[in-house]
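Participant: Coordinates for the following, if possible.
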Amino acid sequence: MSWTDERVETLKTLWGEGQSASQIAKVLGGVTRNAVIGKVHRLGLASRAAAKPDATKSDTQAPAKAETATKKPKLKAVEKPVKSVEATEKPKPVTAHKPPVVTSTFPHPPAPSEPLVDLAEVDAAAKKLSLLELNERTCKWPIGDPSKGEFYFCGHPVAAGKPYCSSHVAAAYQPMSSRRDRDRSRMNRQAIGRSA
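Facilitator: A predicted model of the protein is given here:
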């Protein structure tokens, strides 16, 4: 289908009469609604909002607005006492946020609830097993430096449910409270060192 001059004139006339794009497509035949809309835009025809006269709208809406204005009951103004800001709320003073000063009463970390294990004594009493000699019942705590040749494992009987003997379990699994206290004490010492 091509847009002949005759079909374009029909389109302009029907569009000016206010018919929809679907209605125009039916009258013209062989075109879709979208084709009609596209041609209207290419021709630069006025949009529907501008094509409808506003005088009819204002004539019909003006009496309705006047009626609603007369129907609204007038409310009596009730005076409420105005509270002064000074009487109800006192302004709060603005203070700058200062970081807390960290002070320590302990020069050294507090002693944990259990005595610390002297690893040197425990390592000296080790059975000195090689990797191939380990099994599920022997302590797997590594001792020494593998790059220097003097390297072995503890080898003592393991604590129940742990991979290490009871002495190495005490060294490896420290209670949370003693670890937390030690970390706090270290942070306090650092803060004191910075302030000095």
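Participant: quick one: the helices in the chain?
Facilitator: Under the criterion DSSP state H, helices of the chain are mapped to 5-16, 21-28, 33-43, 48-51, 55-71, 85-88, 119-124, 166-172, 176-195.
Participant: Buried residues, the longest one. List them.
Facilitator: This means helix 176-195. 178, 181, 185, 188, 189 (16 or more other C-beta atoms under 10 Å). Quick note: C-beta positions are derived from backbone N, CA and C, even for glycine.
Participant: just the first one next, same as before
Facilitator: Burial within helix 5-16, assessed by neighbour count using 16+ other C-beta under 10 Å, is assigned to 7, 11, 14, 15.
Participant: packing partners for that helix?
Facilitator: helix 21-28, helix 33-43 (3 or more C-beta pairs under 8 Å, 6 or more residues apart in numbering; DSSP states H and E).
Participant: Count the neighbours of residue 132 for me.
Facilitator: When counting by other C-beta atoms under 10 Å, one arrives at 6 neighbours for residue 132.
Participant: measure it to residue 147 for me?
Facilitator: Here the criterion is C-beta to C-beta, to the nearest Å. By it, residue 132 lies 19 Å from residue 147.
Participant: follow-up on the earlier one: of the helices and strands packed on helix 5-16, which stretch is the most buried?
Facilitator: Most buried of the helices and strands packed on helix 5-16, by mean neighbour count (mean count of other C-beta atoms under 10 Å): helix 21-28, with a mean of 17.
Participant: could you check the angle helix 33-43 makes with that one?
Facilitator: Angle of helix 21-28 versus helix 33-43, following axes from the mean of the first three to the mean of the last three C-alpha atoms, to 10 degrees, is 100 degrees.
Participant: related to what we said a few turns ago, okay, the helices and strands packed on helix 5-16 in JSON lines with mean pLDDT and distance to residue 122 next?
Facilitator: Shown next, in JSON lines, are those (pLDDT from 0 to 100; distance: least, C-beta to C-beta, whole Å):
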{"stretch": "helix 21-28", "mean pLDDT": "91", "distance to residue 122": "93"}
{"stretch": "helix 33-43", "mean pLDDT": "90", "distance to residue 122": "88"}
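Participant: possible to save those as TSV with distance to residue 139?
Facilitator: TSV is the format used below for the helices and strands packed on helix 5-16 (distance: least, C-beta to C-beta, whole Å):
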stretch	distance to residue 139
helix 21-28	88
helix 33-43	83
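Participant: If anything else comes up later, I'll come back, but that's it for now.
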